[in-house]
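Engineer: generate coordinates for the sequence data below:
(2 chains)
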Protein chains: 2
Amino acid sequence: MKLRALLVFSLLVFAGAAVRSSGRKEAGATLPRYTANGQLLFPEGYREWIYLSSGLGMSYSKAGGDQFTNVFVTPAAYREFLSSGRWPEKTMFVVEERESASEGSINKAGHYQAALAGLGVEVKDSARFPETWAYFTFRAEATSASPVAKTACWHCHEDHAAVEHSFVQFYPTLLPIARKFGTLKDATAARP
Amino acid sequence: MKLRALLVFSLLVFAGAAVRSSGRKEAGATLPRYTANGQLLFPEGYREWIYLSSGLGMSYSKAGGDQFTNVFVTPAAYREFLSSGRWPEKTMFVVEERESASEGSINKAGHYQAALAGLGVEVKDSARFPETWAYFTFRAEATSASPVAKTACWHCHEDHAAVEHSFVQFYPTLLPIARKFGTLKDATAARP
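Structural biologist: As a prediction, this is how the structure comes out:
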């Protein structure tokens, strides 16, 4: 009887270990975390999140720049999107800006990525933000950041992002998923 | 006694499940796998590997193209590189080529990524390849590929890659790691 109890206990312990082990990288480090005064903590480890796509010199005006932009999303949110075409609460995106370089090493034409030039974060967290989505810009070496004014990012994402507040029209591997689940705000306009 | 045997068996089963569960994404799906006749199987799931960097129109000649190239590496190899500046056996890189597009949706300048245009894989597997590194090009819909001729990729990687056969000079987050561990082939020439 004692052995039977031990058996049950062992099963529970190992089942728990299996769950924790498989979920550690997915959840623990990839939920938004805030300071006591409501600043978002820098998303450490974002380079190991799921990569969505890159642009070069993308601009909403005719005056384009020459920076690369790399977009990453939290792994758990990505998996949820694949299965529903929607972003779950606590989704975080990072847009990383990098300088572009040319003609270095054996490269003779085109552009490759160089130094970090900026970093922005988008968070879906309706429990904390009445407008559901919030935006943060991290200055160099900053460990936390306050949400930026609604006019800076929110309105454009609200008006022009293809799925909720995300520019899925520029993420070629996600666009077919959104089509499949019918989650594009406007299936025609969203087509790049 | 029977119960004791069941206990031991259960422990083994659950320990095994824990290992498989935690290692599934890291190892199981991200080691090179081959057909019976030595072709590399298509690296399913590479979009969930670790992203290294992107280029646009990168070329070794003056005639650059207009495609994006996104580079991914297997997660376990990436972690090993972070701790040693070297690539372990069974490392796989994928270079994904994508068409570039402009002026779609609200984009007015610059370039964003569109349809898949090609896919190449680099594998470090000295147990299988006498030259340690081998290269594969996957045609659309191909499920496996034979190594390409040594003249196609191997020589250029041998002569010009900054670390072993990898172009770390174009991966801004890895370059400082290689410097730290002194694994750049030529610290001056490798600087982009």
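Engineer: secondary structure element for the closest residue to A:Asn107 other than its chain neighbours?
Structural biologist: Counting by C-beta to C-beta, 6 or more residues apart in numbering or on different chains, the nearest residue to A:Asn107 once its immediate chain neighbours are dropped is B:Met58, at 5.8 Å. For every residue, glycine as well, the C-beta is placed using N, CA and C. Counting by DSSP states H and E, the element that carries B:Met58 is strand B:50-59.
Engineer: repeat that for A:Ile177.
Structural biologist: helix A:175-181.
Engineer: C-terminal to the strand holding B:Met58, what's the next element?
Structural biologist: strand B:68-73.
Engineer: could you list every helix and strand that that following strand packs against?
Structural biologist: Contact here means 3 or more C-beta pairs under 8 Å, 6 or more residues apart in numbering or on different chains; DSSP states H and E; on that basis strand B:68-73 packs against strand A:50-59, strand B:50-59, strand B:92-101, strand B:109-124.
Engineer: could I get those as JSON lines with mean neighbour count?
Structural biologist: Formatted as JSON lines, the helices and strands packed on strand B:68-73 follow (neighbours: other C-beta atoms under 10 Å in any protein chain shown):
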{"stretch": "strand A:50-59", "mean neighbour count": "23"}
{"stretch": "strand B:50-59", "mean neighbour count": "23"}
{"stretch": "strand B:92-101", "mean neighbour count": "20"}
{"stretch": "strand B:109-124", "mean neighbour count": "20"}
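Engineer: is it possible to export the ones you listed to JSON lines including mean pLDDT?
Structural biologist: Shown next, in JSON lines, are the helices and strands packed on strand B:68-73 (pLDDT from 0 to 100):
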{"stretch": "strand A:50-59", "mean pLDDT": "91"}
{"stretch": "strand B:50-59", "mean pLDDT": "91"}
{"stretch": "strand B:92-101", "mean pLDDT": "96"}
{"stretch": "strand B:109-124", "mean pLDDT": "93"}
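Engineer: export those as a markdown table, with columns for distance to B:Arg33.
Structural biologist: As requested, the helices and strands packed on strand B:68-73 are exported to a markdown table (distance: least, C-beta to C-beta, whole Å):
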| stretch | distance to B:Arg33 |
| --- | --- |
| strand A:50-59 | 22 |
| strand B:50-59 | 19 |
| strand B:92-101 | 10 |
| strand B:109-124 | 10 |
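Engineer: A:Tyr112 is nearest to which of those strands?
Structural biologist: For the helices and strands packed on strand B:68-73, proximity to A:Tyr112 was assessed by C-beta to C-beta; strand B:50-59 is nearest, at 4.4 Å.
Engineer: for B:Glu44, find the nearest of the helices and strands packed on strand B:68-73.
Structural biologist: Between B:Glu44 and the helices and strands packed on strand B:68-73, the shortest gap by C-beta to C-beta is with strand B:92-101, which sits at 10.8 Å.
Engineer: tell me, how many neighbours does A:Ser155 end up with?
Structural biologist: Careful, residue A:155 is His and not Ser. A:His155: 11 surrounding residues under other C-beta atoms under 10 Å in any protein chain shown.
Engineer: determine the set of other helices and strands touching whichever strand or helix holds it.
Structural biologist: Here A:His155, judged by DSSP H and E, is contained in helix A:154-160. The contact analysis (3+ C-beta pairs under 8 Å, 6+ apart) places helix A:154-160 against strand A:133-138.
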